[in-house]
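# Sequence and predicted structure, then a few things I'm wondering about:
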Amino acid sequence: MARSLAPLAAFFLTATSAPIAAYAQTAPASYSATSPDGSIAIAITTDSDHRVRYGITRRGKALIAPSLMGFILTDGVNMVRGWDITGADTGKGDDTWEQPWGERRYVRDHYNEITVHLRQSKEQGERLMDVHFRIFDNGVGFRYEIPKQAAMTTMRIVDEVTEFDIAPRGIAWWIPGGEWNRYEQVYQKTPIDAVSTAHTPITMRLDDGTHLSFHEAALVDYSAMWFKRADGQKFRTTLSPSGQGARVVRDLPFNTPWRAIRIADDAAGLVENDLELNLNEPNKIGDVSWFKPQKYIGIWWGMIRGDWTWAEGPKHGATTERAKQYIDFAAKNGFSSVLIEGWDKGWNGNWLGTGGDFSFTKSADGFDLEAVTAYGHKKGVNLIGHHETGGNIANYEAQLEDAMKLYSRLGVPAVKTGYVADAGGIQAPCGNDPAKICMEYHDGQRQVQHHLRVVQVAAKYHIAVNAHEPVKDTGLRRTYPNWIAREGARGMEYNAWGQFANGPSHEPTLVYTRMLSGPMDFTPGILSLEGANHAPLASTLAKQLGLYLALYSPIQMAADFIESLEAHPRELAFIRQVPADWAQSHLIAGAVGEYAIFARQDRNSPDWYVGGVNDATARDVDLKLDFLDPGKTYTATIYKDGEGATYLTEARHRIAYETRKVAKGDTIKLWLAPGGGGAIRLTPGK
């Protein structure tokens, strides 16, 4: 990782315009570094205008052409021009750390790194800035590190000037950034140069088959990054807006989030990649053995469909009687928890986007929180709490401590939070004046601060947090492992609101896009395959089981009415058995947006589970069982699409079952119906 000028000059000559190439030939201060295996190289230098540029090559070919770096400020000359490199420090790391829960138990963190030191000219402000790169064999992370300095004490950032000039052609899967429904959108598949402004993760497949994902890691006290196309295949970071002027305000010293690029030969390499987790700090809250990965049911689907209401009245869903009924079902069928939405005061009237009437300690009429939690404990079943804010975090933060104390006293070990409001509709205290309200985005700096505060207060009371309408996950579950799941995409609820509202390719796209950021509370298990007014789901029955393997979460819901679950005893048996915590996970078959089949090993037994989801195209897949232990015979219990099954007709309910003996090296042939899927449990013999 020593300083190297000639290769940099060649790289910048071939990958940039003539003026920059001419400057590269004069050999300014330039530095480079490579991944441990040497396949990925980064280069950083300054151009003829003394603007900082970085570039990335892979196996000698340009991947990210030289791209600008820097900041636009509200109260000073921009931190873009006038930079000189004053030196660099290098290092490396190779460690393996253990997740308390997750897709895999052990994660290897192996990288080389370089920190390049920069100083601006006197005319441009004489500021100091470091750029820190970590280069892995399967990706690159970099961040700005702003040291304490005389030239400024606080940065007020309008936007970043961090570019990603993607050199090869390709296609992208993405959702628009900044739209009213946040991250809850249908993914588009377009050429890279047809992307406008996208949320991250954004996934790309280049013409040579290389797979990329652009995201960020360790988003703390900063505004979320949107991925904005500038020209051709050149993208630039733009930060989520603020209702209080500058998009980010930080006192020095501080570090920005990491800008993260996953790089892989294929879809499996993209999915089996822990880049963002490795770019986060280790666990800060200590022992979290009090949280157990689990499966739950809930008083929820009836409200989503419109059968019941959150509001008090004759159709109120959260009654004491119904809660006890669901607790009885959970106890009988091995579910550890019951989610109860609408238990508290504040749901009457128009709460969406307002939320000022919510109480997080007072029960709604007809619901006795103390009695229900006590009844659950007698049955060995916990409640999952619910805090819907309607986007009013001023109201929530004023009650946060008392709300978590109440749950702690009653033995409620997890809470689902919610922020139902349109983008830009978060009501937050303005600065230090709690009486004044500013409107903020769901992923702006103020809301990023809020989510972390909720997680930290919850951790103090040994409560886990499952956030809906969240800021996107950026790997912070490593640092705060009570942050167990988030929503942050179109979940199962959309299927209650219209026929095929989530099309058959939705879940096979989520695997390679949204799921790269972290666990999602998708809420599978609608075994009736019906939304409101009998609207059909774009799913077969077997696909509902495959979702438990395809979309990871340590807290998995069986979301249907308990009557529907009970009417499908074989499927219910699988849902009871499938773990929510894994020793290892592998994508053994799949393509972005088309299908995804995983093999996952239970962390608490020698059992393996295989399964996943398909798009609208019927396909045959050969699943090689090379991951099994040699010398053992396994019983394969198979749930698969029945003959002629398709999401388009009532044949969606057709499911077939098979049991047979298999061993390492065998192949299971599985037919995936249009909108279909499947699931297999592999249990070793004694």
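On my side now, so go ahead. Computed from a prediction, not measured in an experiment: that's the story for all the values here.

# Show me where this structure has its helices.
6-15, 18-25, 267-271, 275-278, 301-305, 320-333, 369-379, 393-410, 445-460, 506-510, 541-550, 562-566, 569-577 (DSSP state H).

# Which of these has the highest mean neighbour count?
Mean neighbour count, computed with mean count of other Cβ atoms under 10 Å, is highest for helix 541-550 among these, reaching a mean of 28. Every C-beta, even on glycine, is put in place using the N, C-alpha and C of the backbone.

# Which strands and helices lie in contact with that one?
If contacts are counted by 3 or more Cβ pairs under 8 Å, 6 or more residues apart in numbering; DSSP states H and E, helix 541-550 sits against helix 506-510, helix 569-577, strand 595-602, strand 608-614, strand 633-641, strand 677-684.

# about what we covered before: quick one: the helices of the chain as JSON lines, columns for mean pLDDT and distance to R134 too.
Formatted as JSON lines, the helices of the chain follow (pLDDT from 0 to 100; distance: least, Cβ to Cβ, whole Å):
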{"stretch": "helix 6-15", "mean pLDDT": "44", "distance to R134": "19"}
{"stretch": "helix 18-25", "mean pLDDT": "33", "distance to R134": "24"}
{"stretch": "helix 267-271", "mean pLDDT": "98", "distance to R134": "18"}
{"stretch": "helix 275-278", "mean pLDDT": "98", "distance to R134": "8"}
{"stretch": "helix 301-305", "mean pLDDT": "97", "distance to R134": "42"}
{"stretch": "helix 320-333", "mean pLDDT": "98", "distance to R134": "44"}
{"stretch": "helix 369-379", "mean pLDDT": "98", "distance to R134": "45"}
{"stretch": "helix 393-410", "mean pLDDT": "98", "distance to R134": "33"}
{"stretch": "helix 445-460", "mean pLDDT": "98", "distance to R134": "22"}
{"stretch": "helix 506-510", "mean pLDDT": "98", "distance to R134": "27"}
{"stretch": "helix 541-550", "mean pLDDT": "98", "distance to R134": "29"}
{"stretch": "helix 562-566", "mean pLDDT": "98", "distance to R134": "45"}
{"stretch": "helix 569-577", "mean pLDDT": "98", "distance to R134": "39"}
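
# Distance to A596 for these - can I get that in a markdown table?
Below are these laid out as a markdown table (distance: least, Cβ to Cβ, whole Å):
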| stretch | distance to A596 |
| --- | --- |
| helix 6-15 | 34 |
| helix 18-25 | 41 |
| helix 267-271 | 8 |
| helix 275-278 | 19 |
| helix 301-305 | 25 |
| helix 320-333 | 28 |
| helix 369-379 | 35 |
| helix 393-410 | 35 |
| helix 445-460 | 28 |
| helix 506-510 | 5 |
| helix 541-550 | 5 |
| helix 562-566 | 25 |
| helix 569-577 | 18 |
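
# Nearest to I484, out of those?
I484 sits nearest to helix 445-460 of all the helices of the chain, at 9.8 Å, using Cβ to Cβ.

# where does the protein dip in pLDDT?
Scanning the chain for pLDDT under 70 picks out 1-28.

# domains of it?
Here the domain parsing of the chain from automatic domain parsing is 6-278, 294-577.

# Ranking these by mean neighbour count, which comes first?
domain 294-577 (a mean of 21).

# starting at the chain centroid, how far to that one?
16 Å (Cα atoms, centre = their mean, to the nearest Å).

# what do you get for stretch 291-309?
The answer for stretch 291-309 is 21 Å, by Cα atoms, centre = their mean.

# Likewise for stretch 234-247?
20 Å.

# try stretch 56-75
When distances are taken as Cα atoms, centre = their mean, stretch 56-75 is centred 24 Å away from the chain's centroid.
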